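In: got a structure for you, letters missing:
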């Protein structure tokens, strides 16, 4: 299943990267005469209200979704790792950081992102930042928990006793042990970020309307879904397949990297 | 016990404090002039000044914060920039559909997911387990709004079993209410079902390897009694925790679900507020939803002692 997930994810990424060479037309090119046409040999996924090609919009939309997912995963894991390390090693900082993280986690992630987007200009960069801020607390919690338990391990205590300095202990003993759980966490953050981006764009709080993403293509189809269901079906399938592939990959990685944890979930 | 109770209730204060600080800080740390941003591109200088005055942005920061928290504690969430109606009133007007939707989903999801999880754990490794777990992964991956439109298209447009969109309050009859809430509940509930089913399977599976389960089987108890009376009972605490934490998914999902099914609830209010950049409403919604979430998890925490008599505070 994990291999299937990886293949599906790679296929999605390849399609997104090769978008201009896959029989697409300009995704923002309007053609009022051709509007609301059902799928045909000419436009495989049909056309939307303005006669734009839904196939092209779906393929190009994948670029934004995958970019947002990847950026949020990388950013929130890096920042979360840093904050989590500080929290795990400094008691005074820990008290403050964990209070803030507990508070942030009390707000559903999509609402954090909505509140942030409500006061920023709609752009892909701001969407990435908003979702990253919403996802950081979970990573911090994970890293802090790992650090606190690693500090108790005999080999870390032995390293401290034999006079190793903190940077060396972090680099040799602590960081290597956070890699596997963080990779697994990154896949879940990736999946969550793709879903939240789509949700934000669907609600009108995401990327600007001239940038097609799966979320806003679906949002534009909502008024016409009874007569032009293809506007929702195809980007919806692409979105679900992508999130599914990342989830399958994450489950597989978790089983492979940490069999003990995997049995618990 | 009483001391624990008080300490646990008191622990929600800093959490809500951080939430309040977050929504307050956003308005002031956002790049640019928040009043100009809320007013929009077509606003005149007077409009911007009026909004700045209304949001109290002219006072020093600490004065603004103290005033704002003071108002919050009195239940005053401010006034909508767009309609000049108090946010508390707007939220109260829209609360019923949202409460009905989330409670219906919670009940439906828990009563389906827990038996599914127990069944999957009992039949672990067989095709039944694999089908249930596959459904759970699919449930995690299909976004609420995609699922919502698929359900509307299948159940309402094609088969004409249920109304396409809209909401009928309970007061207008239980039948029409249930018909209007069925598809939204299903759409919103799938992720939650997936989450609870997976957690139930994992914890029950772990309990099933305990010695007392073998003893129960050995003394000839029926499988159902072992599963419900022994396994599920001992797995109850982690499952309850997951149900509580998962409420965040439910609340976030409700905002989108209401938008798909044209339900006039708090989610719809939020979406309209986003489009008009009516920040006081967004602040109010974030605060109320977070407070509900914190409260539910407080109740779950206090339920531990009932679910598991071994836990004593």
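Out: Sure, I can see it. What you see is a predicted model; the values in this text were computed from it and never measured.
In: Going by C-alpha atoms from here, please, whenever you check contacts or count neighbours.
Out: Fine.
In: Next, the closest residue to chain A within the stretch 1-150 of chain B: phi, psi?
Out: The nearest approach of the stretch 1-150 of chain B to chain A comes at residue B:15, 4.3 Å away (CA to the nearest CA). With angles defined as degrees, to the nearest 10, residue B:15 sits at phi -60, psi -50.
In: Give the full set of residues in contact with it.
Out: By CA atoms under 8 Å, 6 or more residues apart in numbering or on different chains, the contact set of residue B:15 is A:99, A:100, A:102, A:103, A:106.
In: now the residues you listed in TSV, with distance to chain B and secondary structure?
Out: TSV is the format used below for those (distance: CA to the nearest CA, whole Å; DSSP: H, G, I helix; E, B strand; the rest coil):
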residue	distance to chain B	secondary structure
A:99	7	helix
A:100	6	helix
A:102	6	helix
A:103	4	helix
A:106	6	coil
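In: List buried residues within those residues.
Out: Listed as buried from the contacts of residue B:15 are A:100, A:102, A:103, A:106; burial here means 16 or more other CA atoms under 10 Å in any protein chain shown.
In: give me the number of residues near residue 48?
Out: Chain wasn't specified; assuming chain A. 25 (other CA atoms under 10 Å in any protein chain shown).
In: Correction: the question concerned chain B.
Out: Quick note: residue B:48 (other CA under 10 Å) scores 19 neighbours.
In: That one contacts residue B:39, doesn't it?
Out: Yes - counting by CA atoms under 8 Å, residue B:48 touches residue B:39, with 5.9 Å between them.
In: Please report the distance of residue A:54 from chain B.
Out: 16 Å (CA to the nearest CA, to the nearest Å).
In: And residue A:39, how far from residue B:119?
Out: Residue A:39 sits 42 Å away from residue B:119, going by CA to CA, to the nearest Å.
In: now residue B:258
Out: 32 Å.
In: what ranges do the strands span in chain B?
Out: For chain B, applying DSSP state E gives no strands.
In: what bits of it have low per-residue confidence?
Out: B:30-32, B:312-313 (pLDDT under 70).
In: At the geometric centre of it, which residue do we find?
Out: residue B:251 (2.5 Å; CA atoms, centre = their mean).
In: And for residue B:104, the neighbour number?
Out: By the criterion of other CA under 10 Å, residue B:104 has 18 neighbours.
In: Return the residues in contact with it.
Out: Contacts of residue B:104 (CA under 8 Å, 6+ apart): residue B:185.
In: Kindly report the residues of the stretch 51-200 of chain A close to chain B.
Out: A:99-100, A:102-104, A:106-112, A:114-116, A:118-120, A:195, A:199 (CA under 8 Å from any CA of the partner chain).
In: Among those, which lie within helices?
Out: In this view, those that belong to helices under DSSP state H are A:99-100, A:102-104, A:109-112, A:114-116, A:118, A:195, A:199.
In: sorry, back to before: reformat the contacts of residue B:15 as a markdown table; add pLDDT.
Out: Converted to a markdown table, these look like this (pLDDT from 0 to 100):
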| residue | pLDDT |
| --- | --- |
| A:99 | 90 |
| A:100 | 91 |
| A:102 | 89 |
| A:103 | 90 |
| A:106 | 90 |
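In: farthest pair in those residues?
Out: Taking CA to CA as the measure, those span a maximum distance of 10.9 Å, between A:99 and A:106.
In: Residue B:60 versus the residue nearest to the centre of chain B, what's the distance?
Out: 34 Å.
In: go on, residue A:58?
Out: Distance, residue A:58 to residue B:60, using CA to CA: 48 Å.
In: now residue A:82
Out: Residue A:82 is 33 Å from residue B:60, by CA to CA.
In: In terms of neighbours, single out the busier of these two.
Out: More crowded of residue A:82 and residue B:60, by other CA under 10 Å: residue A:82, with 16 against 9.
In: and the more buried one, that one's in a helix?
Out: Yes - assessed by DSSP: H, G, I helix; E, B strand; the rest coil, residue A:82 belongs to a helix.
In: so what's the residue nearest to the centre of chain B up against?
Out: Counted by CA under 8 Å, 6+ apart, residue B:251 has contacts A:108, B:102, B:289.
In: these two touch, right, the first one and residue B:253?
Out: No - Residue A:108 is not in contact with residue B:253 according to CA under 8 Å; the separation is 9.3 Å.
In: Between the two, which is the more surrounded one?
Out: Between residue A:108 and residue B:253, residue B:253 has the larger neighbour count (other CA under 10 Å), namely 26 against 23.
In: Surely that one and residue B:147 touch.
Out: No - in this structure, residue B:253 is not within contact of residue B:147 by CA under 8 Å, at 11.7 Å.
In: that older thread, pick the one among the contacts of residue B:251 closest to residue B:185.
Out: residue B:102 (7.7 Å).
In: Near chain A, which residues of the stretch 1-150 of chain B? Just list them.
Out: B:14-19, B:22-23, B:26-27, B:30-31, B:34, B:37-38, B:137-138, B:140-143, B:145-146, B:149-150.
In: Endpoint to endpoint, stretch B:46-64 covers what distance?
Out: In stretch B:46-64, first residue to last residue: 21 Å (CA to CA).
In: Sort out which residues of it are buried, please.
Out: B:47, B:48, B:49, B:51, B:52, B:54, B:55, B:56, B:57, B:64.
In: CSV for the residues you listed, including distance to residue A:246?
Out: Output for the buried residues of stretch B:46-64, formatted as CSV (distance: CA to CA, whole Å):
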residue, distance to residue A:246
B:47, 47
B:48, 45
B:49, 48
B:51, 44
B:52, 45
B:54, 46
B:55, 43
B:56, 46
B:57, 44
B:64, 44
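In: Among those, name the ones in helices.
Out: Going by DSSP H, the helices hold B:47, B:48, B:49, B:51, B:52, B:54, B:64 from those.
In: can you put those in CSV and add distance to residue A:223?
Out: Listed next are these as CSV, based on distance: CA to CA, whole Å:
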residue, distance to residue A:223
B:47, 32
B:48, 33
B:49, 37
B:51, 33
B:52, 36
B:54, 35
B:64, 42
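In: and which of the residues you listed is nearest to residue B:164?
Out: Using CA to CA, these come closest to residue B:164 at residue B:51, 39.1 Å.
In: Low-confidence regions, chain A specifically.
Out: Using pLDDT under 70, chain A drops low at A:19, A:22-24, A:34-37, A:40-45, A:49, A:51, A:227, A:258-265.
In: for it, what spans make up the strands?
Out: Counting by DSSP E, chain A contains no strands.
In: how about the helices in the stretch 1-150 of chain A?
Out: Shown for the stretch 1-150 of chain A, the helices assigned by DSSP state H, counting those that start in this stretch span residues A:2-17, A:54-89, A:91-105, A:109-118, A:124-152.
In: Distance check, residue B:176 against residue B:167.
Out: 9 Å.
In: Same drill for these two, tell me which one is more crowded.
Out: residue B:167 (22 against 16).
In: Would you confirm that that one contacts residue B:180?
Out: Yes - contact criterion CA under 8 Å: residue B:167 and residue B:180 qualify, at 5.5 Å.
In: ok, now how distant is residue B:238 from chain A?
Out: Applying CA to the nearest CA, the value for residue B:238 to chain A is 11 Å.
In: So residue B:87 is in contact with residue B:81, correct?
Out: No - using CA under 8 Å, residue B:87 makes no contact with residue B:81, being 9.6 Å away.
In: Quick check: neighbours shared by the two?
Out: residue B:280.
In: which ones are touching residue 2?
Out: Just so you know, I chose chain A. Contacts for residue A:2 (CA under 8 Å, 6+ apart) come out as A:248, A:249, A:250, A:251, A:252, A:253.
In: wait, chain B
Out: Counting by CA under 8 Å, 6+ apart, residue B:2 has no contacts.
In: gap between it and residue B:298?
Out: Distance from residue B:2 to residue B:298, by CA to CA: 14 Å.
In: and if you look at residue B:265?
Out: On the measure of CA to CA, residue B:265 and residue B:298 end up 25 Å apart.
In: Kindly report the same for residue B:135.
Out: For residue B:135, the distance to residue B:298 - CA to CA - is 31 Å.
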